[in-house]
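Undergrad: Here is a sequence with its predicted model. Questions after.
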Amino acid sequence: MAETFKNAKLALTTSSATIYTCPSATTAIILMCQVANIDGTNEADATISWIDSSDSSVETYLLKGAPIPGGSSLGALSGKMILETGDSLKGLASADSDLVVTVSLLEMS
């Protein structure tokens, strides 16, 4: 079984976008998911969700409209999370160009 550490990142906008999708024949362990507010002044709200492809693409929120002050960050996970083939993480912000999400993960295939 091959193990590969990876990072994913995305500048969040007011339109929901995919941060990471677990590839075919792979299991991913999300080690860290953090949202940083790169605007030094204005607060912005973050929404991060997990899409479970094996359950009719059910969306489960890790953060929903969580306020992040300017220049601050917020962890979206308090522990590790497992993603299976086709599962994904998505993100959305209340303002364009204010929030950036970073994910560290381990893929096993």
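TA: Sure thing, it's come through.

Undergrad: contacts and neighbour counts: CA atoms only from here.
TA: Will do.

Undergrad: Any idea which residue is closest to the centre of the chain?
TA: For the chain, residue 89 is the residue whose C-alpha lies nearest the centre (C-alpha atoms, centre = their mean; 4.8 Å).

Undergrad: Which of the three states applies to that residue?
TA: With DSSP: H, G, I helix; E, B strand; the rest coil as the basis, residue 89 sits in strand.

Undergrad: how close does it sit to residue 41?
TA: As judged by C-alpha to C-alpha, to the nearest Å, residue 89 and residue 41 stand 27 Å apart.

Undergrad: Next, the contact list for residue 30, please.
TA: Going by C-alpha atoms under 8 Å, 6 or more residues apart in numbering, residue 30 touches 80, 81, 82, 83, 103, 104, 105, 106.

Undergrad: Closest to residue 35 out of those residues?
TA: When the contacts of residue 30 are ranked by distance to residue 35 (C-alpha to C-alpha), residue 103 comes first, at 8.9 Å.

Undergrad: Tally up the residues packed near the closest residue to the closest one other than its chain neighbours, please.
TA: Spatially, and ignoring its direct neighbours in sequence, residue 103 is nearest to residue 33 (4.5 Å; C-alpha to C-alpha, 6 or more residues apart in numbering). The number of residues packed near residue 33 is 24, by other C-alpha atoms under 10 Å.

Undergrad: so which strand or helix has residue 33?
TA: Assessed by DSSP states H and E, residue 33 sits inside strand 27-37.

Undergrad: how about stretch 94-102: buried residues?
TA: Residues of stretch 94-102 classed as buried: 94, 95, 98, 99, 100, 101, 102 (neighbour count, 16 or more other C-alpha atoms under 10 Å).
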